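1. next one to model:
(3 chains)
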Amino acid sequence: MSDLLARLNPPQREAVTLPSTHALILAGAGSGKTRVLTTRIAWLLANDLVSPHGILAVTFTNKAAKEMQARLSALLPIHPRGLWIGTFHGLCNRMLRAHWRDAGLAQTFQILDSADQLATIKRLLKAANVDVEKYPPRELQSFINAHKEQGVRAGAAEAWDHYTRKKVELYAEYEAQCQREGVADFAELLLRCHELLIRNEPLRQHYQARFRHILIDEFQDTNRLQYDWLKLLAGGGAALFAVGDDDQSIYAFRGAEVANMRDFEQHYAGEHVIRLEQNYRSAGNILAAANALIRNNRARLGKNLWTDAGEGELLRVFESPSDLDEARAVVDEIRALMDEEGVSPDQIALLYRSNAQSRALEHELFSRGLPYRVYGGLRFFERQEVKHALAYLRLIANPDDDTAFLRVVNFPVRGIGARTLEILQTTARQLNTSLYNAAASLSGKAGATVAAFIRLIEQIRDETRARPLPESIARVVQSSGLDAHYRADKREGEERLANLDELVNAATLFMGEHTAPNVAAASEAEDDVLVAFLTHAALEAGEHQAETGQAAVQLMTVHAAKGLEFDAVFITGLEQGLFPHDNALEDHDGLEEERRLMYVAMTRARKRLYLTHAQSRLLHGQTRYALPSLFLEELPPEALKHITAITPRQPAWSYNSGFSSRPRPAPVVPPLPELPGGLTIGSNVRHAKFGFGVIVDAETGSDARVQVNFGSAGMKWLALAYAKLEKA
DNA sequence: TAACATTCCGTTTTT
DNA sequence: CGGAATGTTA
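-> Numbers count the residues shown, from 1 in each chain, chains lettered A, B, ... in the order given. Prediction:
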């Protein structure tokens, strides 16, 4: 047991060995947060302060939950059973499955992912004859989710104007429709679970008595409903142990409330606030720079990271004339890191603020033959062929699932067109039943084709009855016609078939992990396994992309990089308007969140940090000129080393780096307007009133005018004859 | 119904 | 510019 504590520093140890009390652990980046969380659980168990049964550990992502499981197994001699470790959604789902009747849900209720939810909303708008121009489905979706995440049902939603009243009305209809179809969206899982515990006193008391220690990871990311859920569960005297970092709160845009941390500190943690400030990840200069940056934020709980690892190298600031030059400079540097310093490519990360920026970087990496991997994009269970196969399974488990019905009723095509579906949908609405049930009431030719589809589903249900899940899925793929359809598709059929095979494999894997050995015999369990697998598919959409196999340079947004670390990190596109992003600045806390984002990005680096920016960038089809990011100015100059990779408008292939790329054709440069005073587009200038800026456009002639981007002072057209512009 | 044309839009995203 | 999402035509 003393082993558990041996490798902890004093504050970590203090956190781990806290008595059974509420506590807030302010864990800075790289300060051993996950270690503290898992060691705390292990310590409680090892000292018999709680039984495994009494532990509830909550994370946001499946990845974090899995890591916690794994690290706990490593800490304990035998892995205890009965612990509840999971995501908010996973845990709520678990409770709702156990108490589906009390929660007012169908026994086999299905979970809608975001795409399913959007499809459901679109269908609802169409049925209600709502103008989608006036009420965009996406907007309604976020309206509904935002309300649910605040714990607000349609009945309780406030609406002061006609427009909002209509949205609330649609929200109510959406609730009713989901209920009718036996489906629940992500937010519904949390809200429904919260309501269940509020309304059902015996159940509430049961769980309140059961969980003695509730531990929460990434507490700064909780929304209001999640916090309420935690407080409710802890209402029976459980100790809440919240770990988080307000400086790494980067999800306010999706409802996370950092204010929960301050509230928790005041109302729960009290004097049990522990700061983990020793950083084990980054070199001193990197930390010093990150600290200096984040000090510019006003709303903070306060924290300063330190390290005893030494200063390390200076941060390198790269300036390039254009985004293409930036990409070239970055890839040159990556080559050098790999060839001359022996850095493994998977220890190099290219970070950017927005996904669109990956293009130029990818292009350069590709043409230079460097292995790379881009995070983001389609995940396994989100692929259309996988979703189609799952929709057949969903229909078998729950015929009322109209979303699943509509997805596959005419896929592969079986002559059930829009006209037929319109009739079917009208009939279903009149009978107040599902499309599946309404099918029997159709007559004529339309009725016959739809009836054939229903027979097909019934047939598949029979075929798959009492069969192991993987085999059932294989049959579905066959009998539904998906197999034949993709076999006939020359272009991408092969890949899709491979993914369907992979789905069968996923089911096999799932069975191995989730089925108790003795349950397999029970015929009743068949349905349960199917529902469990469908739930798994919805709750864990799988990896973002297939592994490339070889070690590759990692490309991702700054958001996606949270929680990761690399030897060398490039933060690219550090320009006003991009990072910090223009759209973020409209919000009052916007700039601070962007700064936290920059802080997260910087603290990903262990040894080397590159900060790159370009003077011009191709954006939305036209060249934009921008000033270097405000964040660069907030870094301590003594920690930086400036490298102007290429001087403006010089040939791009003649700069530094021993790497000799093949000669490139000279870039086609449109002639720039000639302006008096040696000014041109891209020149840095200073104005008495507006400060520093960049010339982004110009009109020549006797009354020459220039457009100047003054950053925070805005974009101005100035007449050269009057405005006293100085070259800067 | 599917291929083709047109229009619109452009930050971050897990469950 | 490039994609996603519509709209149009054979």
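2. mind listing what's buried in stretch A:95-102?
-> By neighbour count on 16 or more other C-beta atoms under 10 Å, the buried set for stretch A:95-102 is A:95-97, A:99-100. Backbone N, C-alpha and C define where each C-beta goes, glycine included.
3. in CSV: those, plus secondary structure and pLDDT.
-> Output for the buried residues of stretch A:95-102, formatted as CSV (DSSP: H, G, I helix; E, B strand; the rest coil; pLDDT from 0 to 100):
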residue, secondary structure, pLDDT
A:95, helix, 97
A:96, helix, 98
A:97, helix, 96
A:99, coil, 97
A:100, coil, 96
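4. nearest to DNA strand C, of those?
-> For these, the residue nearest DNA strand C by C-beta to the nearest atom of the strand is residue A:96; the value is 29.5 Å.
5. what's around the closest residue to residue A:322 other than its chain neighbours, how many residues?
-> The shortest distance from residue A:322 to any non-neighbouring residue, by C-beta to C-beta, 6 or more residues apart in numbering, is to residue A:616 (4.8 Å). A count of neighbours around residue A:616, defined by other C-beta atoms under 10 Å, yields 22.
6. ok, now the one 3 residues further on?
-> Look at residue A:619: counted by other C-beta under 10 Å, it has 15 neighbours.
7. residues touching it, list them.
-> The contact partners of residue A:619, by C-beta atoms under 8 Å, 6 or more residues apart in numbering, come to residue A:356.
8. again with residue A:502
-> Contact partners of residue A:502, counting by C-beta under 8 Å, 6+ apart, are residue A:380.
9. what's the helix or strand for it?
-> helix A:493-514 (DSSP states H and E).
10. is any residue of the helix or strand residue A:528 falls within near DNA strand B?
-> Per DSSP H and E: residue A:528 is located in helix A:525-539. Yes. Helix A:525-539 reaches DNA strand B (C-beta under 7 Å from any atom of the strand) through residue A:539.
11. packing partners of that helix?
-> helix A:88-98, strand A:110-112, helix A:384-397, helix A:469-479, helix A:493-514 (3 or more C-beta pairs under 8 Å, 6 or more residues apart in numbering; DSSP states H and E).
12. not counting residues beside it along the chain, what's closest to the most centrally placed residue in chain A?
-> Nearest residue to the geometric centre of chain A (C-alpha atoms, centre = their mean): residue A:560, 6.6 Å. Distance criterion C-beta to C-beta, 6+ apart; nearest residue to residue A:560, sequence neighbours excluded, is residue A:375 at 5.0 Å.
13. and if you look at residue A:281?
-> Here the residue nearest residue A:281, using C-beta to C-beta, 6+ apart, is residue A:30, at 3.1 Å.
14. the helix holding residue A:502 vs DNA strand B: in contact?
-> No. Judged by C-beta under 7 Å from any atom of the strand, helix A:493-514 and DNA strand B are separated, with a smallest distance of 11.9 Å.
15. let's see that helix as CSV, backbone CA atoms only.
-> Written as CSV, here are the backbone C-alpha positions of helix A:493-514 (Å, rounded to 0.1, in the frame of the first residue of the first chain):
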residue,chain,number,x,y,z
GLY,A,493,-18.0,-1.2,-52.8
GLU,A,494,-15.0,-3.1,-51.8
GLU,A,495,-14.0,-0.8,-49.0
ARG,A,496,-17.6,-0.8,-47.7
LEU,A,497,-17.8,-4.6,-47.7
ALA,A,498,-14.6,-4.7,-45.8
ASN,A,499,-16.1,-2.3,-43.2
LEU,A,500,-19.2,-4.6,-43.0
ASP,A,501,-16.8,-7.5,-42.3
GLU,A,502,-15.2,-5.3,-39.7
LEU,A,503,-18.6,-4.8,-38.1
VAL,A,504,-18.9,-8.6,-37.7
ASN,A,505,-15.5,-8.6,-36.1
ALA,A,506,-16.5,-5.7,-33.8
ALA,A,507,-19.5,-7.8,-32.7
THR,A,508,-17.3,-10.8,-31.9
LEU,A,509,-15.0,-8.6,-29.9
PHE,A,510,-17.9,-7.0,-28.1
MET,A,511,-19.3,-10.4,-27.2
GLY,A,512,-15.9,-11.4,-25.7
GLU,A,513,-15.8,-8.3,-23.6
HIS,A,514,-19.3,-7.9,-22.5
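16. cool, thanks, signing off.
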